[in-house]
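**Student:** Quick one, fold the following:
(4 chains, ligands or ions: 2)
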Amino acid sequence: MSAPAQTTGPPGREPAVTIFERSAPGRRAFTPPALDVPERPLDELLPARLRRREPARLPEVAEPEIVRHYNRLSKRNFDLDTGFYPLGSCTMKHNPKLHERVAALPGNARLHPAQDPRRAQGALELMWRLQGALAEIAGLPHVSLQPSAGSHGELAGVLLTRAYHEDRGDRRTKVLTPDTAHGTNPATVTMAGYQLVKLATAPDGGVDLDDLRAKVDDEVACLMLTNPNTLGLFDSHIEEIAEIVHGAGATLYYDGANLNAVVGISRPGDMGFDIVHFNLHKTFTQPHGGGGPGAGPIAVSDRIEPYLPRPQVIRRAADNGKEPYFDLDFDRPKSIGRLRGFQGNYGVFVRSYAYIRSLGAEGLREMSETAVLNANYLLAKLRRAGVAEYLPVAYDRVCMHEFVLSGAPMKRELGIRTLDLAKRLLDHGVHPPTVYFPLLVDEALLVEPTETETKETLDAFADAVAGILREAAREPEIVRRAPYTTPVGRLDEAAAAKRPVIRQPL
Amino acid sequence: MSAPAQTTGPPGREPAVTIFERSAPGRRAFTPPALDVPERPLDELLPARLRRREPARLPEVAEPEIVRHYNRLSKRNFDLDTGFYPLGSCTMKHNPKLHERVAALPGNARLHPAQDPRRAQGALELMWRLQGALAEIAGLPHVSLQPSAGSHGELAGVLLTRAYHEDRGDRRTKVLTPDTAHGTNPATVTMAGYQLVKLATAPDGGVDLDDLRAKVDDEVACLMLTNPNTLGLFDSHIEEIAEIVHGAGATLYYDGANLNAVVGISRPGDMGFDIVHFNLHKTFTQPHGGGGPGAGPIAVSDRIEPYLPRPQVIRRAADNGKEPYFDLDFDRPKSIGRLRGFQGNYGVFVRSYAYIRSLGAEGLREMSETAVLNANYLLAKLRRAGVAEYLPVAYDRVCMHEFVLSGAPMKRELGIRTLDLAKRLLDHGVHPPTVYFPLLVDEALLVEPTETETKETLDAFADAVAGILREAAREPEIVRRAPYTTPVGRLDEAAAAKRPVIRQPL
Amino acid sequence: MLAEIGVGTIEDLFESIPAAVRLGRPLDLPPGLSEAEVYAHLRHLAERNVCAEDELTFVGAGMYDHYVPALVDSIIERSEFLTPYTPYQPEVSQGTLQAMFEYQTAISELTGLPVSNASVYEGPSAVGAAGYLARLANRRERFVVSRGLHPHSRETLATMSAGYGTEVVEVPLTGGVTDGDALADAVDDRTAAVFLQQPNFLGAVEDLEDLVPRAKASGALAVCACDPIALGILRPPGELGVDVAVGEGQPLGNRLDYGGPSFGFFAASQAYLRRMPGRIAGETTDSQGRRGFVLTLQTREQHIRRERATSNICTAQALNALAGVVYLSWLGRRGLVELTELLVARTAYAREALTARDGVRLAHDAPVVREFAVSLEAPVGAVVERCAAAGVNPGYRLGIDYPELDDALLVAITEQRSRADIDRLAQVLGDAVAAERAGAAARAPA
Amino acid sequence: MLAEIGVGTIEDLFESIPAAVRLGRPLDLPPGLSEAEVYAHLRHLAERNVCAEDELTFVGAGMYDHYVPALVDSIIERSEFLTPYTPYQPEVSQGTLQAMFEYQTAISELTGLPVSNASVYEGPSAVGAAGYLARLANRRERFVVSRGLHPHSRETLATMSAGYGTEVVEVPLTGGVTDGDALADAVDDRTAAVFLQQPNFLGAVEDLEDLVPRAKASGALAVCACDPIALGILRPPGELGVDVAVGEGQPLGNRLDYGGPSFGFFAASQAYLRRMPGRIAGETTDSQGRRGFVLTLQTREQHIRRERATSNICTAQALNALAGVVYLSWLGRRGLVELTELLVARTAYAREALTARDGVRLAHDAPVVREFAVSLEAPVGAVVERCAAAGVNPGYRLGIDYPELDDALLVAITEQRSRADIDRLAQVLGDAVAAERAGAAARAPA
Ligand SMILES: Cc1ncc(COP(=O)(O)O)c(C=O)c1O
Ligand SMILES: Cc1ncc(COP(=O)(O)O)c(C=O)c1O
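**Tutor:** Ligands and ions are numbered 1, 2, ... in the order given. The predicted structure follows:
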């Protein structure tokens, strides 16, 4: 017997109510400190014409209701600490709890960004050490921690390219990206004032070298690449690519979103890249927070260094033989300038630095080895589970940390789209892989297990996928109408976009 | 269409797996610091005959699995931050989040209990101030914070009574408790070496004065009372009771579990009680933690003071006109001695002290007023919702912070037991009230809403109860077989007790 | 596992990487440490910072030491909010999506503008993003910027302008506020947008009612960067014709964190709904008619529109924005008003207490909410050092960004700075100024 | 709401309280404060304590400064574990109940005894509870206690004995360990139980294999209080005939918290299953055959058995016990062994490093795991003060509880005390002793 309708059911399953709808006049959580200065008429201090007439209609709720409201909301989320989250290209690895503790130390959490550098030596030293570690990992000597996320790092990188060329009196107009590129790459190109030129992908999944040769010329400022690319494949022709690009006087940009595959094994700098961005919220465990925060530091070669954003964290030799000290260097005449306020997402730096110190040189290499091992194991396991017939791997090669399956046959034979499979996976208590990316692959399913998952978890995922395919063969309708066990079913996105309701009417 | 069977379903709904069952050889979360002292054969340091032959078979799991395991376990609990929890006699009020923050300050959390008092002045001052506040609230001058919970406070109280009498060469053998008393009262009486004598309850819900007069004699060491009692009723004859008890030379003990009704309104000391225990985890917001920690400080009158547990936190006037300072006083010749290690559950004291400072004198009184208001409102609301026919209030008087309903008519008329109602309430997303306590009331339902609940929450509860009664009238089987929406259904407690499996076989 | 894959060693899995680009040596990084050791190391680093718990600080300049309620931490630390990715699967992301919707509502209320996104990186880059919106909206190539705009915002706008191709001209301040006539002169029909800040960097409340119409006179967009706390008491920009209101969200329940992570808010009038950068949550229903929330209007975004996207932003600051809406719920409708009124009162008191000391004058007498500038008749750097030695951080040195204000200090007040704290500041600052002047007099030739 | 109730004022609801026992005035307590003010006040109090982050401490004496992994906090802070009551409704308490079951399993593994409850208050009261079990089990009236038992445990046992009526006699230590012959002499057929501690309060490992049979010779129960960390390397008491093993759980993932809350563990042989105090979780199945857990054997408990209950305990230390089992899972099977071996090695090193200094001798040379006693040829109090001035807390002054050891210091080592820390202790302690002796020599008459 299932629960009769009128019950609200378990927490997280009740109808959605917003915090504004929980508001009742006069309730409050906050009480201000008592007024301890002489009271004076507000009009004297702040003329009425400058003041609001109506208070902002914020909710009126007491602490217990706020706690329950967001607690219940939280139960409507699936999260990494609950189950498997093989979201390709996002590197959903475990976020060690230690990192939250160290980020919360008052010396970090309550340090004002405008504090005099002489009184922020611990923070500056941490940033300086992190810069050094990232430089070593990238194989490029200079690092700026300033960008706030990967896409912000991309913007920094392309602006650096522009500054580099223009400083040499070289006005270029185009930037190349492969058709497998992540959306932020082309969007960044436009934002940086360049024209986008797409490169085809070769049958082996790498850059089509002929197409590259055809399109590269002295109008090309930069080629943006991901390696391993978004197909989870390492482009073996990377040296040749670098030669071609550099030959044309362009820069080579490394989108570091897939760095998790090669840390301590192969370095972008050694591959010939001039500029690299890191996604600290991917490779270096900053929790994703439902869409941020992150950080997108960049590492660059000597020729790009003069243009790095301002300020830079440096170590200065102290005169009179004292200890060297750490400082912010604003004196950078060729710098492209700031990309944001203050010094960057320091809280993210603390977590990533803690991670690098916890793993150490060996641990970091093992991290990548295990990430690649897990991906290849899961791929093999899926094959053995017999899913290849409906979900073949898009490029049949040894993959790196992730791989792409194509749902095209599944769609053809079973009438099940990749989206349906994804939704049905939700009923199995796992988060689906990335779907419909990269665009190149029809009905794409991009699977990235990460190194922090166990064999048991990978096996269970393979069984779930195989089970869904069997189920689809029997009764496709079940899959097409999934999910069933989630707080809500499939949502009408078309209606949401047609008549957007993007705030609560009050 | 409901989720086909083979899916694990939403988090918290999957079959139970223990952390031991998740163990796999070689996995680990902890890595020890490197050995930094000269390595020497273990046998030299610790003879083999003293050492374990086999390591304890603890689980072998890495951090991500531990996190997921306990995260998923947590989703199998209902908690106060999720919904209404009117568990009578337990005072399930909101636990302000500030309290966890201040308890975690390193100066509190990492302070060693054996630290020299001169280097623990902040902690001792906090304890001293808390003692003062509790003394003022109890209306009794002396406080010991040592007991770890209410029942521990009871034991302290009865041992104090024994010490008090014996010090006067007066050997008494009996302790009185009303038949409405909480189980810890009689259990404490036996543990303290006294013989229990039960008192009847009068029709008005208070102590039967005739029975008291009949049973009180010079063999009686103490009367243990709760006021308001476990029926949620204030015994108006308290002065008379105190007179009778004191007349016989016995002490009057106040079980403070129900103090939430009268803080700042009426004080046990003023009622004539000699000894009081507080449940800091009830009245003073220590979170219950699924069964502790708590703290059960006691307040006593002058004549009991000499026997208080050792050590006492005191403020000493410093010689040479310096600031007075705080200290631990061990020099208490008549003390009953220690009841536990070190100075008590200090972390609980921090939370309760923060609470008292947040509310202040007025806030504390409002707390009790609102607790009583909410209880009477809910009682009235339930009546209006028409539940009285099946769930009459046991004693039809204005209640204090809680009230008792009897499910006897419901059982008679509808064949629904109080237990069934409780289980069905789970499907409505609320925690049921206390059931089958006090024993005096047939099919008892003890409801304590607390002051931190909103009118909306109380209304919803009344509607849920009324709805269940309607449902029961229609289709009793639905209620009898509830719950349906919980991680598991009704559990076989008989089997568990018959063939106890109380540890994992490994 | 290798057997299942059908390879002999892990090495085999990396065959696609040419030998020439293999590292072939261990990374030159220290070996791994146990958790206790990493904690100890980071604690020691953190102790070498002088944070707001170690000194009495009056530094603001865009980020403020407000009290962050414990309830905010307890919510954003829940793994269900902390660890998921951007909500690509709405059926299992209703928590995050509804919180975004609530956040958008709160920002819309504060700014008086109907459209808010779910967050951008932080304040200054939000200004740059507003510039890009204007650039695409009217294709003009010129930005007019008030010198009262945060120096970091002005610099970030310039950096990004070098990319999307706009020139930036600055309008001076007079009497602490933007010079309206100079603004009117600077704006022309090539002007894409005009950038103001409320209150401006010197703490002065701008007369938007006067400035905004002049800014928009020839079709430029009016962009205003706002202090979200000050919006609790000031006229909402939307009411005054501002097209795009942005700002630094840190004051809303986010810790200082040495500058980040925090969040930037971004709100606009209906006209720019489909030109917004970043994520936007919208309300809809599911297959069974149940209310739910999704990421909407995604055709604006990079993952769909790619090179024609309204922005390249992907990962933003969702968790920080969640802290923001939880904080605003904690303050509540009346609480925000009471908080801002307390700030106004204490700031007025501080302004008088400081200027009552010799050698301390107002740098401007424009109305302020929670921050103000004073000029010192002594070298500011030396005065700040004397204060620091006394455990007081008296404010932000305006000379860092404004050569013309090299003698000035920007002083911020929060609810955590009591009257007693302000009196202490006045004492310490006054004494420091006096000491410096005495020293100077002594050094002066007779 | 008053209308719904049918009264005019809140006052009316309190009519049942006689005027004579009404307070009739406001409580004499300070007015309420805002959250920020309370936080500031408590932070200032906390800063007046010298905690383990402020000094290099070697104090143990029953509670140890082990590193508490962040993962433990993150789990016990989840409101689903933090805020519920004792699991009276198993259908919505499976998280707590299963955690209790896992905890019981871990304690059973550590102690080598089949039966564990779900926790009692803390170590010393667990000893008192064991006494009550023995008292009820064999109705005898005499306890024999090793002087190596923690002084707090001995005192607590005495306090409770005054209630349930038992006399307590003590057996001395020789060479740092319990005198076996004295023990044998003390035990008679009136002896209800014999109490030992492993390692004992001086850090010495007792030879339980020899002592336990003598303790049980005439039918008494053998009770042993144990350091749960030391049980990672020592013979489990259950293997050696101990009937009841108890102990202080703080070292297992619980903070110091100035002494509490922590938890006490309580394990026994099968014979005493139905005499156990406190909650016990048991495995069972639900109506649909699904595995689940419940509180079991409740007929032992006060709420059922009342005056005939095996104990009066109700609220115990569930959350602290949860921290314990999470910590043990974090250590893991091999980790606990590696941790204890590290402690043994460092402790041996510390013993040598300290006694290498003049005026510092071993107080006993019995084998130890993680704590040891040294005798100083200088007044201990003065030496401790000198060390404190140098930022080192050298250990616990044994003279507080053992007049015969007035010259002795009890030194504890944890994984947070590195070799460098130990060397520093040796330096500072050695210097302090030297300085005191020099002073004494100077003061001494020529
Ligand atoms: C391949 C690739 N490049 C760039 C990005 C953008 O990174 P961010 O979200 O940090 O801006 C992503 C993020 O998903 C990505 O997967
Ligand atoms: C009336 C009453 N007395 C005593 C107690 C025992 O308190 P504790 O659980 O803190 O030992 C309780 C707890 O439920 C109670 O309700």
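
**Student:** from here on, contacts and neighbour counts on C-alpha atoms
**Tutor:** Will do.

**Student:** ok, now which ones touch residue A:148?
**Tutor:** A:293-297, A:340, A:344-345, C:121 (C-alpha atoms under 8 Å, 6 or more residues apart in numbering or on different chains).

**Student:** element containing it?
**Tutor:** Per DSSP states H and E: residue A:148 is located in neither a helix nor a strand.

**Student:** what's the answer for the one 3 residues further on, then?
**Tutor:** Assigned by DSSP H and E, residue A:151 belongs to helix A:150-167.

**Student:** Show me which residues of that helix are buried.
**Tutor:** Neighbour-count burial for helix A:150-167, counted by 16 or more other C-alpha atoms under 10 Å in any protein chain shown, picks out A:150-165.

**Student:** got it, and stretch C:390-402?
**Tutor:** So stretch C:390-402, judged by 16+ other C-alpha under 10 Å, has buried residues C:391-399.

**Student:** residues in contact with that stretch?
**Tutor:** Outside stretch C:390-402, the residues within contact range by C-alpha under 8 Å, 6+ apart are A:114, C:54-61, C:151, C:380-381, C:384, C:387-388, C:405-412, C:425, C:428-429.

**Student:** Narrow those residues to those in helices?
**Tutor:** C:151, C:380-381, C:384, C:387-388, C:425, C:428-429 (DSSP state H).

**Student:** Throw the residues you listed into a markdown table and include neighbour count, thanks.
**Tutor:** A markdown table is the format used below for these (neighbours: other C-alpha atoms under 10 Å in any protein chain shown):
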| residue | neighbour count |
| --- | --- |
| C:151 | 18 |
| C:380 | 22 |
| C:381 | 14 |
| C:384 | 23 |
| C:387 | 23 |
| C:388 | 19 |
| C:425 | 26 |
| C:428 | 24 |
| C:429 | 26 |
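
**Student:** Residue A:441 and residue C:9, how far apart?
**Tutor:** Noted for residue A:441: a distance of 30 Å to residue C:9, by C-alpha to C-alpha, to the nearest Å.

**Student:** The two: who's more crowded?
**Tutor:** residue A:441 (20 against 11; other C-alpha atoms under 10 Å in any protein chain shown).

**Student:** what sits against that one?
**Tutor:** A:394, A:406.

**Student:** Would you report the backbone torsion angles of it?
**Tutor:** When read as degrees, to the nearest 10, the backbone of residue A:441 gives phi -100, psi 130.

**Student:** Tell me the pLDDT of it.
**Tutor:** Confidence at residue A:441, expressed as pLDDT, is 97.

**Student:** hmm, back to that, out of the buried residues of stretch C:390-402, which comes closest to ligand 1?
**Tutor:** Minimum distance to ligand 1 across the buried residues of stretch C:390-402 is 31.9 Å, recorded for residue C:396 (C-alpha to the nearest ligand atom).

**Student:** Buried residues in whichever strand or helix holds residue C:185, which are they?
**Tutor:** Per DSSP H and E: residue C:185 is located in helix C:180-186. Across helix C:180-186, burial judged by 16+ other C-alpha under 10 Å covers C:180, C:183-184, C:186.

**Student:** returning to that earlier point: when you check ligand 1, which of the contacts of stretch C:390-402 turn up near it?
**Tutor:** Counting by C-alpha under 6 Å from any ligand atom, the subset of these that neighbours ligand 1 is empty.

**Student:** What ranges does chain A have for its strands?
**Tutor:** Applying DSSP state E to chain A gives strands spanning A:142-144, A:174-178, A:195-199, A:220-225, A:251-255, A:275-277, A:298-300, A:312-316, A:325-329, A:403-406, A:434-435, A:444-447.

**Student:** can you list the weak-confidence ranges in the stretch 201-350 of chain C?
**Tutor:** Applying pLDDT under 70 to the stretch 201-350 of chain C picks out no residues at all.

**Student:** any idea how far the helix holding residue A:151 is from the chain center?
**Tutor:** 19 Å (C-alpha atoms, centre = their mean, to the nearest Å).

**Student:** quick one: average confidence on it?
**Tutor:** Rounded mean pLDDT across helix A:150-167 is 98.

**Student:** cool, stretch C:19-28 as well?
**Tutor:** Averaged over stretch C:19-28, pLDDT sits at 97.

**Student:** hmm, who's touching it?
**Tutor:** A:136-137, A:239, A:264-267, A:270-271, A:361-362.

**Student:** So what's the residue count around whichever residue of the stretch 251-400 of chain A sits closest to ligand 1?
**Tutor:** Here the residue of the stretch 251-400 of chain A nearest ligand 1 is residue A:257; by C-alpha to the nearest ligand atom that distance is 4.8 Å. By other C-alpha under 10 Å, the residues close to residue A:257 number 27.

**Student:** Which residue is the nearest non-sequential neighbour of it?
**Tutor:** Excluding the flanking residues, the one nearest residue A:257 by C-alpha to C-alpha, 6 or more residues apart in numbering or on different chains is residue A:279, at 5.7 Å.

**Student:** Surely the one you found touches residue A:149?
**Tutor:** Yes - using C-alpha atoms under 8 Å, residue A:279 is in contact with residue A:149, at 6.4 Å.

**Student:** Give me the common contacts of the two.
**Tutor:** Joint contacts of residue A:279 and residue A:149 (C-alpha under 8 Å, 6+ apart) are A:294-297.

**Student:** What about those, which one has the most neighbours?
**Tutor:** Among the shared contacts of residue A:279 and residue A:149, residue A:295 has the most neighbours (other C-alpha under 10 Å), with 35 neighbours.

**Student:** what about the helices in the stretch 151-300 of chain C?
**Tutor:** Taking DSSP state H, counting those that start in this stretch to define them, one finds helices in the stretch 151-300 of chain C at C:151-164, C:180-186, C:208-216.

**Student:** would you turn those into JSON lines with distance to residue C:28?
**Tutor:** Putting the helices of the stretch 151-300 of chain C into JSON lines (distance: least, C-alpha to C-alpha, whole Å) gives the following:
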{"stretch": "helix C:151-164", "distance to residue C:28": "34"}
{"stretch": "helix C:180-186", "distance to residue C:28": "55"}
{"stretch": "helix C:208-216", "distance to residue C:28": "55"}
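
**Student:** from those helices, which stretch is densest packed?
**Tutor:** Neighbour counts (mean count of other C-alpha atoms under 10 Å in any protein chain shown) averaged over each of these peak at helix C:151-164, with a mean of 23.

**Student:** circling back: which one of the shared contacts of residue A:279 and residue A:149 is nearest chain D?
**Tutor:** The closest of the shared contacts of residue A:279 and residue A:149 to chain D turns out to be residue A:294 (C-alpha to the nearest C-alpha; 21.2 Å).
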